[in-house]
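Visitor: structure of the sequence below:
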Amino acid sequence: MRDYHVNIFFSEEDGGYIADIPDLSHCAAFGETPEQALVEVLRAKAAWIEAARAEGKPVPPPTFRPVIYQASNPHFSPRME
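Guide: Presented below is the predicted three-dimensional model:
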């Protein structure tokens, strides 16, 4: 089973790490370390999915993969929006 891709990056503006899940609109979290940001975004993911289901809204399947994976998988096709 595939899981959602998580991006983690340092934000000078926020003075810490931001983690987000591109497939889940506005699902992001902050942490003082990359590990803390990951823990927080996994909590946010669970809350996002729970809220969507409670509202009867669709939960998108995990489809996002960074472009860099194209080099290692010639059959990869990036999602176009």
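
Visitor: give me the nearest residue to Ala28, chain neighbours excluded.
Guide: Once flanking residues are discounted, Ala28 sits nearest to Asp20: 3.9 Å by C-beta to C-beta, 6 or more residues apart in numbering. Any C-beta I mention is one placed from the backbone N, CA and C, and that applies to glycine too.

Visitor: burial of the one you found, as a residue count?
Guide: Using other C-beta atoms under 10 Å, Asp20 has 18 other residues around it.

Visitor: got it, and Pro34?
Guide: With other C-beta under 10 Å as criterion, Pro34 counts 15.

Visitor: ramachandran angles for the spatially closest residue to Pro66 that is not a sequence neighbour?
Guide: What sits nearest to Pro66 in space, not counting adjacent residues and going by C-beta to C-beta, 6+ apart, is His5, at 7.1 Å. Dihedral angles of His5 (phi, psi; degrees, to the nearest 10) stand at phi -70, psi 140.

Visitor: OK, contacts around His5?
Guide: By C-beta atoms under 8 Å, 6 or more residues apart in numbering, His5 lies in contact with 21-23, 62, 64-66.

Visitor: rerun at 7 Å
Guide: Contacts for His5 (C-beta atoms under 7 Å, 6 or more residues apart in numbering) come out as 22, 62, 64-65.
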